[in-house]
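**Student:** need coordinates for the below:
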Amino acid sequence: MYLNVQEKDPAFLYETPLLHQSFFWSQVKQTQGYETKAFDMKARVKDLKQETSSAFLLDDLLVQLVPVSRDQTIGYVPYGPVLSPLEDRMGVFLEELSMNLRDRLPDHCILLRYDLPWKNVWEEDDLSLELQNLRLNWGTSTKALRRSVSNQLPSDTMLIDLTPTEDEILERMHPKTRYNIRLALRKGIQVRKVGHDHLLTFYELYKETCERNHIQLHDLSFFEALFGPEDESASVTLLMAFLDKTPLSAMFLSRSAHRATYLYGASSSALRNSMSTYALQWSAIQLAKSWNCSEYDLFGVSPTQSKDHPMSGLHSFKKGFGGNMLHRMGCWDFAFKQEEANLLFAYEMVEEGYHLR
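**Tutor:** Next up, the predicted model:
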């Protein structure tokens, strides 16, 4: 397989609907203390697709270097690469890409972790972890690809088509969701765009949410980093829902190319019958349409409606807005230093996850 990889300045990353592969996100991560690198990729169409074309495909890639010990890092690729081969060439492509990147990453990088944005090609097969590893490694020479212990970004989400009119979008929602949106507005919920001066208010709501749902808490500095970056093709807006002057719910809504994404959300444990979260989502949809976005990513649900999943409540809430499910491939690792990588995998098996035990 022919694949040419060249490093470049992250400022020259291509416009993309995936915020986490944008120059904006590179700046966020740098502000949070991480080193980022960007790479151009050039591949032959016939190597990735079932075509005889002599043409080439061009794309790029953002890699974040994440410390995992005092002197070791992993190269984390958030929702990348976007360039997607046919199923029987996925593993070969990732292997070739990894081998190209190895010489362009620091020696302390022990593995690459791809958080693949690709549609899960096995979602109907219900494959075991062992079979998934075998399938992705088919045709590779190293057999080094391995399903990660857990996903970093949501692998299951819902996308709402924003091309219809607002009335048509409302019509596609569940009747109860439409009712709750209108109920919230009747109760006097007002949603406003707010700035950095409301970050502490958001954070108080966020702490309530984490405690209520038993999820890990980010530091305030994590959200502070969202306010600094400048990128013509991507941005983040803080929306907040109020009843009179009381803030009840809030979200960071991102825009990247033609896609808006519900990035982070929070809500109060008080006055939940105000349905402020429904008004908040409806305002996000309206704002995304005003940005000429064609789709809205609700960013993270349980893979099914099973009540046993810790995100089952989110699944029911978000499903009501009329989106379509997307199951992604999730995180896959390619180890450069197998012994060090095995130690990391063992640690990750017992590490606390996003949902606290």
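
**Student:** whatever helix or strand residue 159 lives in: what's the following helix or strand?
**Tutor:** With elements taken from DSSP states H and E, the one containing residue 159 is strand 156-161. Where DSSP H and E defines the elements, the next helix or strand beyond strand 156-161 is helix 166-172.

**Student:** what comes up buried for the following helix or strand past that next one?
**Tutor:** Moving toward the C-terminus from helix 166-172, the next helix or strand (DSSP H and E) is helix 175-186. Going by neighbour count (16 or more other C-beta atoms under 10 Å), the buried part of helix 175-186 is 177-178, 180-181, 183-185. (Glycine included, C-beta is placed from N, CA and C.)

**Student:** ditto for stretch 132-149
**Tutor:** When burial is assessed from 16+ other C-beta under 10 Å, stretch 132-149 yields the following buried residues: 132-133, 135-137, 140, 144-149.

**Student:** can I get that stretch in PDB, CA atoms only?
**Tutor:** Below are the C-alpha coordinates for stretch 132-149, written out as PDB (Å, rounded to 0.1, in the frame of the first residue of the first chain):
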ATOM      1  CA  GLN A 132     -12.900  -8.000  16.200                       C
ATOM      2  CA  ASN A 133      -9.100  -8.100  16.700                       C
ATOM      3  CA  LEU A 134      -8.800 -10.900  14.200                       C
ATOM      4  CA  ARG A 135     -10.900  -9.100  11.600                       C
ATOM      5  CA  LEU A 136      -9.100  -5.800  11.800                       C
ATOM      6  CA  ASN A 137      -5.700  -7.500  11.700                       C
ATOM      7  CA  TRP A 138      -6.600  -9.500   8.500                       C
ATOM      8  CA  GLY A 139      -4.000  -8.900   5.900                       C
ATOM      9  CA  THR A 140      -1.600  -7.000   8.200                       C
ATOM     10  CA  SER A 141       2.000  -8.200   8.600                       C
ATOM     11  CA  THR A 142       2.500  -7.300  12.300                       C
ATOM     12  CA  LYS A 143      -0.900  -8.300  13.700                       C
ATOM     13  CA  ALA A 144      -0.300  -5.400  16.100                       C
ATOM     14  CA  LEU A 145      -3.800  -3.700  16.100                       C
ATOM     15  CA  ARG A 146      -5.700  -4.200  19.400                       C
ATOM     16  CA  ARG A 147      -9.100  -3.000  20.600                       C
ATOM     17  CA  SER A 148      -8.400  -0.500  23.400                       C
ATOM     18  CA  VAL A 149      -9.600  -1.200  26.900                       C
END
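
**Student:** let's number from 24 now, not from 1
**Tutor:** Right, with 24 as the first residue, what we last looked at is stretch 155-172.

**Student:** now the residue lying closest to residue 192 once chain neighbours are set aside: which helix or strand?
**Tutor:** Distance criterion C-beta to C-beta, 6 or more residues apart in numbering; nearest residue to residue 192, sequence neighbours excluded, is residue 308 at 6.4 Å. When secondary structure is defined using DSSP H and E, the element that contains residue 308 is helix 299-313.

**Student:** just want the angle from that helix to helix 198-209.
**Tutor:** Helix 299-313 runs at 90 degrees relative to helix 198-209, counting by axes from the mean of the first three to the mean of the last three C-alpha atoms, to 10 degrees.

**Student:** list the strands paired with the helix or strand following helix 299-313, with their directions.
**Tutor:** Along the chain past helix 299-313, the next helix or strand (assigned with DSSP H and E) turns out to be strand 318-320. Sheet partners assigned to strand 318-320 using DSSP bridges are listed as strand 179-184 (antiparallel), strand 282-290 (parallel).

**Student:** can you map out the helices along this structure?
**Tutor:** Defined through DSSP state H, the helices belonging to the chain, from first to last, are 46-54, 68-71, 113-125, 152-159, 189-195, 198-209, 222-236, 243-247, 299-313, 335-342, 361-373.

**Student:** indicate which one of those is closest to residue 88.
**Tutor:** Across the helices of the chain, residue 88 has its closest neighbour in helix 46-54 (9.2 Å, C-beta to C-beta).

**Student:** for the closest one, give the mean pLDDT please.
**Tutor:** Over the span of helix 46-54, the pLDDT mean works out to 97.

**Student:** what packs against that helix?
**Tutor:** Helices and strands touching helix 46-54, by 3 or more C-beta pairs under 8 Å, 6 or more residues apart in numbering; DSSP states H and E, are strand 58-67, strand 79-92, strand 257-266.

**Student:** repeat that with 10 Å
**Tutor:** Applying 3 or more C-beta pairs under 10 Å, 6 or more residues apart in numbering; DSSP states H and E, we find helix 46-54 packed against strand 58-67, strand 79-92, helix 243-247, strand 257-266, strand 269-279.

**Student:** what sits up against the third one?
**Tutor:** Contacts of helix 243-247 with the rest of the structure, by C-beta atoms under 10 Å, 6 or more residues apart in numbering, involve 51, 54-56, 219, 222-223, 225-226, 229-230, 259, 261, 275, 286-287, 289.

**Student:** re earlier: so for the helix holding residue 308, what gets flagged as buried?
**Tutor:** For helix 299-313, the neighbour count (16+ other C-beta under 10 Å) marks 299-308, 310-312 as buried.
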